[in-house]
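Trainee: Provided below are the primary sequence and the corresponding predicted coordinates.
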Amino acid sequence: MLHFILRRLSLLALTLLGISLLIFGILQLLPGDAATQILGAWSERSGKTHEYLRAALGLDRAWYEQYFGWLWGVLQGDLGRSLAMDAPITPILMERLGYSLRLAVPALILAVIISLVLGVVAAMRPNGLVDHAITVLTLGGVSVPAFVSGAILILVFAAWLGWFPSTASLTPGEGFLYWAKMLALPVATLTVEALAHITRITRSSMIEVLKTPYVRTARLKGLPVRVVLFKHALRNAMLPTVTVIAFNIGWMLGGVVVVEQVFSYPGLGSLVLFAIEQRDVPLLQASMFFVAAGYCVANLLADIAYALLDPRIRY
Amino acid sequence: MATHSAGPAAPHAAGERRVTPPRRIPTTLVLGGVIVGVFVVLAVIGPHITPYGFDKFHFSSRLAGPSAEFWLGTDRYGRDIFSRVIAGARLTLIMAASGTFIGVVAGVLIGLVSGYLGGWIDEVLMRLTDITMSFPSLLLALLVVAVLGANEVNAVISIGLVFTPRVARVVRSATLGVRHIQFVEAAEVRGESNPYVIFREILPNVWPPIIVETCIRMSYAVLLVVSLSYLGLGAQPPAPDWGLMISKERAFIASAPWVVLAPAAAIVALVVGVNLLGDGMREWLSARKTSDE
């Protein structure tokens, strides 16, 4: 097990290196550099200033010097300096990460619980009425983009019923109830996003597992249905589900960008959009790398969970 | 189509379907085909049947509710929403289809080459796909559009780029499945060139997974197109893009819900249609395969 985890960790390091190179490479294609960006309209006329600024920002170095300089900083926890905000990026990212996690973690937990139950219930009687109803629901779930479900939730629960606010603008230092109220609609939107995929895969793997002899043995032994379903069958049916949950983290990260935009929520996603709008290259580079790294780590955790759940698996 | 439904075994109770592999066309495929077909027709003839131009202002009836004059109401400039939603079908379909096309063509090429040649080429190509796939798809698309600039063409390019590694993976594993079957080896022994073996021997035998994957990609493409426009990184105003319409008009959702609901319904209908088409296609192709054997 330890050997397996170490191997996966070194693979992760290599992947992260590749990702950082890819982001750096793509951003090199941007017309104009940070110095042009800072000087704005003046950059045309201020030849000397432009050169000084480039030197001060370290932009006159060869690309590999810039890249390794950046990488060295990242290893020390320094992600560079934002041009648009004129502040170090690392603390900003950490703050935004906290906000995004408050959105994503409850949504993921809710989605996993609800979809495991739905998946098991649907698999109990394949092609039954309940199963068809759940299939239609999940098909709807994968077909509705987050900004549409978010808009509908806002229309019903904010505009018509007035239960929740339509934007999640935050004031720090408020209690749990305040947070719950602010986060209810964004979390619900994100949960719906993730729900459908997990339900679908749980259903189909559960149907397979329920056909196996050991499940029948457990039933014939006289164990109650609930115990057989949730203790015996679900553990094996969970295997593909774990992979899909990890995939969903990636899908949710995309969903987070959209959901944060819908509810004007100050998380990582809106930071990425801000960086794009402002053409803030260092911020874009750092936040993109940060998100992709988080995704890779989530995948790694899923692989480890997979190996823990299924002792037959050793890569 | 008539020959299929004429068989005596055509009607089945839902529960029995799995026992006898159906040779008829699955309902999902028909339903999805009809929905997508309607959108394709709208995309082709749309501009000729809409009551108003999609960018025509009617200042005297801004944010007007649905009426005989404006079937789905108007937006804040008094533009007819019905006309805009119909006009948007063409834009959305063309963008989604071209993005899918780029991704599938590039992915099929990479997958075939990688799976057939193997060796270091395979290793390099697969590590590259690993790295691109370790980005969440929407974020990679955002990064590409951020660099190239926000417009329709770049949104399409970014979607193609996001899809390429995913399609390549599927095609590569399908290629590995047929790579050592005798007809391939016979062609190799005959001394056929690599391109000949790849395109004339392997490609015809990996069509089913490519078609299914194309359908799946198409539904993601529609979602990506409207999401990018919603984020302001796809089509630009005054284009009648559904995602753009929702993002620009969402401030009026409380007083004039139709400004958001009409394009939202169009998006959901199209994606449901493409998903049904994909599901049905998968069912049909796998059923055909089992009944051939």
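Mentor: Here it is on my side, so go on.
Trainee: Tell me which residues are up against the host helix or strand of A:Trp70.
Mentor: Using DSSP states H and E, A:Trp70 sits within helix A:63-75. The contact list for helix A:63-75 (CB atoms under 8 Å, 6 or more residues apart in numbering or on different chains) reads A:Ser20, A:Leu21, A:Phe24, A:Gln28, A:Gly58, A:Leu59, A:Arg61, A:Leu79, A:Gly80, A:Gln285, A:Phe289. Every residue, glycine included, has its C-beta placed from N, CA and C.
Trainee: can you give me the mean pLDDT across it?
Mentor: Helix A:63-75 shows an average pLDDT of 81 in the prediction.
Trainee: need the next SSE after that helix, C-terminal direction.
Mentor: Using DSSP H and E, the helix or strand that follows helix A:63-75 in sequence is strand A:81-82.
Trainee: and that next one, what other elements does it pack with?
Mentor: Packed against strand A:81-82 by the contact rule (3 or more CB pairs under 8 Å, 6 or more residues apart in numbering or on different chains; DSSP states H and E) you find strand A:87-88, helix A:89-124, helix A:281-309.
Trainee: Could you tell me which residues of the stretch 101-250 of chain B lie near chain A?
Mentor: Applying CB under 8 Å from any CB of the partner chain, one finds that the stretch 101-250 of chain B approaches chain A through B:127, B:130-132, B:134-139, B:142-148, B:219, B:223, B:226-227, B:230-233, B:243, B:246-247, B:250.
Trainee: Sort out for me which of those residues are in helices.
Mentor: Counted as lying in helices by DSSP state H, out of these, are B:127, B:130-132, B:137-139, B:142-148, B:219, B:223, B:226-227, B:230, B:243, B:246-247.
Trainee: show me where pLDDT drops low in the stretch 151-300 of chain A?
Mentor: Per-residue confidence for the stretch 151-300 of chain A (pLDDT under 70) gives these ranges: A:168-174.
Trainee: just the helices in chain B please.
Mentor: Along chain B, counting by DSSP H, helices occupy B:2-5, B:27-49, B:81-117, B:119-133, B:137-148, B:152-178, B:182-189, B:194-196, B:207-230, B:242-249, B:258-292.
Trainee: hey, least reliable of the ones you listed by pLDDT?
Mentor: Among those, helix B:2-5 carries the lowest mean pLDDT, a mean of 42.
Trainee: what about burial for the residues of the stretch 101-250 of chain B next to chain A, which qualify?
Mentor: B:130-132, B:134-139, B:142-148, B:219, B:223, B:226-227, B:230-233, B:243, B:246-247, B:250 (16 or more other CB atoms under 10 Å in any protein chain shown).
Trainee: quick one on the thing from earlier: which one, of the helices of chain B, ends up nearest to A:Ala196?
Mentor: helix B:258-292 (10.4 Å; CB to CB).
Trainee: That closest one near chain A at all?
Mentor: Yes - using CB under 8 Å from any CB, helix B:258-292 reaches chain A at B:Val260, B:Leu261, B:Ala264, B:Ile267, B:Val268, B:Val271, B:Val272, B:Asn275, B:Leu276.
Trainee: could those be laid out in a markdown table, adding neighbour count?
Mentor: Output for the residues of helix B:258-292 next to chain A, formatted as a markdown table (neighbours: other CB atoms under 10 Å in any protein chain shown):
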| residue | neighbour count |
| --- | --- |
| B:Val260 | 25 |
| B:Leu261 | 19 |
| B:Ala264 | 25 |
| B:Ile267 | 27 |
| B:Val268 | 18 |
| B:Val271 | 26 |
| B:Val272 | 21 |
| B:Asn275 | 23 |
| B:Leu276 | 25 |
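Trainee: of all those, which comes closest to A:Gly128?
Mentor: Of the residues of helix B:258-292 next to chain A, the one sitting nearest to A:Gly128 (CB to CB) turns out to be B:Leu276, at 20.5 Å.
Trainee: So that closest one is in contact with B:Leu31, correct?
Mentor: Yes - under the criterion of CB atoms under 8 Å, B:Leu276 makes contact with B:Leu31 at 5.2 Å.
Trainee: Distance of the residue of the stretch 1-150 of chain B found nearest chain A relative to A:Gly140?
Mentor: Closest residue of the stretch 1-150 of chain B to chain A, CB to the nearest CB: B:Leu138 (3.1 Å). Taking CB to CB, to the nearest Å as the criterion, B:Leu138 is separated from A:Gly140 by 20 Å.
Trainee: Skip the chain neighbours and tell me the closest residue to B:Leu228.
Mentor: Distance criterion CB to CB, 6 or more residues apart in numbering or on different chains; nearest residue to B:Leu228, sequence neighbours excluded, is B:Gly234 at 3.7 Å.
Trainee: wait, what's in contact with that neighbour?
Mentor: In this structure, B:Gly234 makes contact with B:Met95, B:Val145, B:Ala150, B:Asn151, B:Glu152, B:Ala155, B:Val225, B:Val226, B:Leu228, B:Asp241, B:Gly243, B:Leu244, judged by CB under 8 Å, 6+ apart.
Trainee: hmm, try it at 10 Å
Mentor: Taking CB atoms under 10 Å, 6 or more residues apart in numbering or on different chains as the contact definition, B:Gly234 lies against B:91-92, B:95, B:141, B:145, B:150-152, B:154-156, B:158-159, B:224-228, B:241, B:243-244.
Trainee: A:Arg203 now?
Mentor: By CB under 10 Å, 6+ apart, A:Arg203 lies in contact with A:115, A:118-124, A:126, A:131, A:134-135, A:138, A:237, A:241.
Trainee: ok, and of the residues you listed, which contact chain B?
Mentor: Among these, proximity to chain B is found for A:Pro126, A:Asp131, A:Thr135 (CB under 10 Å from any CB of the partner chain).
Trainee: a markdown table please, covering those and showing secondary structure.
Mentor: Formatted as a markdown table, the ones next to chain B among the contacts of A:Arg203 follow (DSSP: H, G, I helix; E, B strand; the rest coil):
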| residue | secondary structure |
| --- | --- |
| A:Pro126 | coil |
| A:Asp131 | helix |
| A:Thr135 | helix |
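Trainee: By neighbours, which of those residues wins?
Mentor: Highest neighbour count within the ones next to chain B among the contacts of A:Arg203, by other CB atoms under 10 Å in any protein chain shown: A:Asp131, with 19 neighbours.
Trainee: Roughly how far does that residue sit from B:Arg127?
Mentor: 41 Å.
Trainee: what do you get for A:Gln66?
Mentor: Counting by CB to CB, the gap from A:Gln66 to B:Arg127 is 24 Å.
Trainee: again with B:Leu109
Mentor: Counting by CB to CB - B:Leu109 and B:Arg127 are separated by 17 Å.
Trainee: residues contacting A:Met151?
Mentor: One correction, residue A:151 is Ala, not Met. Taking CB under 10 Å, 6+ apart as the test, what A:Ala151 contacts is A:145, A:166, A:189, A:262, B:230, B:246-247, B:249-250, B:253, B:257, B:260-261, B:263-264.
Trainee: Where does it fall, secondary structure wise?
Mentor: Assessed by DSSP H and E, A:Ala151 sits inside helix A:146-153.
Trainee: Chain B contacts on the stretch 1-150 of chain A?
Mentor: Residues of the stretch 1-150 of chain A lying near chain B by CB under 10 Å from any CB: A:11-12, A:14-23, A:26-31, A:125-128, A:131-132, A:135-136, A:139-140, A:142-150.
Trainee: 7 Å instead, please
Mentor: Counting by CB under 7 Å from any CB of the partner chain, the residues of the stretch 1-150 of chain A lying close to chain B are A:15, A:18-19, A:22-23, A:26-27, A:29-30, A:127, A:139, A:142-145, A:147-148.
Trainee: If any of these are buried, give me the PyMOL selection for them.
Mentor: A single PyMOL command selects the buried members of the residues of the stretch 1-150 of chain A next to chain B (16+ other CB under 10 Å):
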select buried, chain A and resi 15+18+19+22+23+26+27+30+139+142+143+144+145+147+148
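Trainee: Give me the neighbour count for B:Cys215.
Mentor: Using other CB under 10 Å, B:Cys215 is surrounded by 22 other residues.
Trainee: Kindly apply the preceding question to B:Trp71 instead.
Mentor: Neighbours of B:Trp71 under the rule other CB under 10 Å: 15.
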